[in-house]
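Enquirer: Pasting the sequence and the predicted model now:
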Amino acid sequence: MKTKIDPQVAEMLAAARNEPEAPKRIQLETEWVRSNIPEEFLKDEPSAQQSAWVGYRYLTPLARTELFTRAYFDAYRRMKEEFFPEKDAAKSQPIDPEYSKNTPSAMSALWHARSVADTVELPYPVYIETVMRGCMASEKWTHIPRPNQLYDALDVARARHALTMPIVTEYLYAKDWDLRFSAKNYRGDPVQIKALAHLCDLVEASPEPASALAEYLCVRKIVPLDVAREVFGNEMVDAALALSPEHPIATADPEQRKYIPACVGFRQDGKNFPCDTCPVRTPCRSFDLRVRAELKAKTGSEDPIAARGRVDGARRQQEFRDRQKAKKAKTKAGTKPPTKGGKQRP
């Protein structure tokens, strides 16, 4: 596996994102992923889409991995300051915070670690710090875990129950969330419904439920009034309205847009995969086939990584044979035939 950073990798992603037309841009990004991330790390994306922290579910797997990379970079420096205060954490850079500027092995490890974090529905800073702190404080590691040390079974076990109500309160409906989480854009899609379920838990756990609901209903305008009445009941909603001078959004814009899961293009065939019941499985399949056809036209293979592996393997074998041949030739040249008198030539 290549261990050096190829600047063309980041340049190709930047070029893809400069494409002005959204459908073509998404296709080019998907081609970039399939050209740089091994197939074995892509097979879990449909499941990860279903279990990722709700705030990430409108993001593509690539965008989520970029978030994870930055979160890892920041967490590494925090842990460095805490556990190794004698060292200058500002000079510590185990990875580049820009995902596409890392080595192929680091990108694969970050992608895989992110997909594992998605299985336990945690915000990435919480998952990474939970795993790191477990290694450092509980197991007394002498170094901060690297990306390829963030996804074994013990890591997942440590993180599985870390989504506490204080964490939900801190991260739910953050200011940088997608605008589809706002009341005016409410459509009742699976991601919005999951976020609303977290809000129900938050309001129920609050010592002042009506006040908590007023914050999201009237002040931050996350839930339309008609949806709030349906979910929380008229009595709770009326109590919330009485606590705030601001008015909620009565109902969302009636225009309905079809929900498209962010994992589109990474379909998996077979039983028990979310793809079996996905509402866009047919266009997703067509998109996947188009991406693979483009890759084959551009690189000669639907799986450029596997193709490069075969080429690199053949090259290494040929180099080995060449070295063996040169070694034998050198050995043969060093063996001089004896003279007639039985003595070696000088």
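Expert: Arrived safely, thanks for sending.
Enquirer: now stretch 204-216: mean pLDDT?
Expert: The average pLDDT for stretch 204-216 rounds to 96.
Enquirer: Report the contact partners of residue 69.
Expert: 95, 97, 98, 99, 102, 110 (Cβ atoms under 8 Å, 6 or more residues apart in numbering). C-beta: built from backbone N, CA, C; applies to glycine.
Enquirer: Do you know the pLDDT at it?
Expert: In this model, residue 69 is scored at 98, pLDDT.
Enquirer: And it, how far from residue 150?
Expert: The gap separating residue 69 from residue 150 is 12 Å, by Cβ to Cβ, to the nearest Å.
Enquirer: Repeat that for residue 177.
Expert: Using Cβ to Cβ, residue 177 is found at 24 Å from residue 150.
Enquirer: between those two, which one's more packed in?
Expert: Taking other Cβ atoms under 10 Å, residue 177 and residue 150 do not tie; residue 150 has more neighbours (24 against 17).
Enquirer: wait, the more buried one sits on residue 130?
Expert: No - the pair residue 150 / residue 130 is not scored as a contact, 10.1 Å apart, by Cβ atoms under 8 Å.
Enquirer: tell me which element the residue nearest to residue 70 when sequence neighbours are not counted is part of?
Expert: With sequence-adjacent residues excluded and distances taken as Cβ to Cβ, 6 or more residues apart in numbering, residue 70 is closest to residue 97, at 5.2 Å. For residue 97, there is no helix or strand it lies in under DSSP states H and E.
Enquirer: Out of the contacts of residue 69, which comes closest to residue 260?
Expert: Taking Cβ to Cβ as the measure, residue 99 is the one of these closest to residue 260, at 23.1 Å.
Enquirer: What's the local residue count around that closest one?
Expert: By other Cβ under 10 Å, neighbour count at residue 99 equals 25.
Enquirer: what's the answer for residue 249, then?
Expert: Count around residue 249 with other Cβ under 10 Å applied: 21.
Enquirer: Could I get the pLDDT score of it?
Expert: 93.
Enquirer: For it, which non-adjacent residue is closest in space?
Expert: Closest to residue 249 by Cβ to Cβ, 6+ apart is residue 183, at 4.1 Å.
Enquirer: Could I get the pLDDT score of that neighbour?
Expert: For residue 183, the predicted pLDDT is 92.
Enquirer: Wait, it touches residue 222, no?
Expert: Yes - using Cβ under 8 Å, residue 183 is in contact with residue 222, at 5.8 Å.
Enquirer: got the buried residues for stretch 186-196?
Expert: The neighbour-count check on stretch 186-196 (16 or more other Cβ atoms under 10 Å) flags 186, 187, 189, 191, 192, 194, 195, 196 as buried.
Enquirer: gap between the third one and residue 178?
Expert: This means residue 189. Distance from residue 189 to residue 178, by Cβ to Cβ: 11 Å.
Enquirer: and what of residue 327?
Expert: 61 Å.
Enquirer: So those two - more neighbours on which side?
Expert: Comparing residue 327 with residue 178 by neighbour count (other Cβ under 10 Å), the higher total belongs to residue 178, at 15 against 10.
Enquirer: pretty sure the more buried one is touching residue 58, no?
Expert: Yes - assessed by Cβ under 8 Å, residue 178 is found in contact with residue 58 at 4.3 Å.
Enquirer: check which helix or strand covers the residue nearest in space to the middle of the chain.
Expert: Nearest to the mean C-alpha position of the chain, counting by Cα atoms, centre = their mean, stands residue 65 at 2.9 Å. If you go by DSSP H and E, residue 65 is part of helix 61-83.
Enquirer: Which element is encountered next along the chain beyond that helix?
Expert: Helix 61-83 is succeeded, C-terminally, by helix 104-119 (DSSP H and E).
Enquirer: Name the residues of the helix holding residue 65 that are buried.
Expert: 61-62, 64-69, 71-73, 75-77, 79-80, 83.
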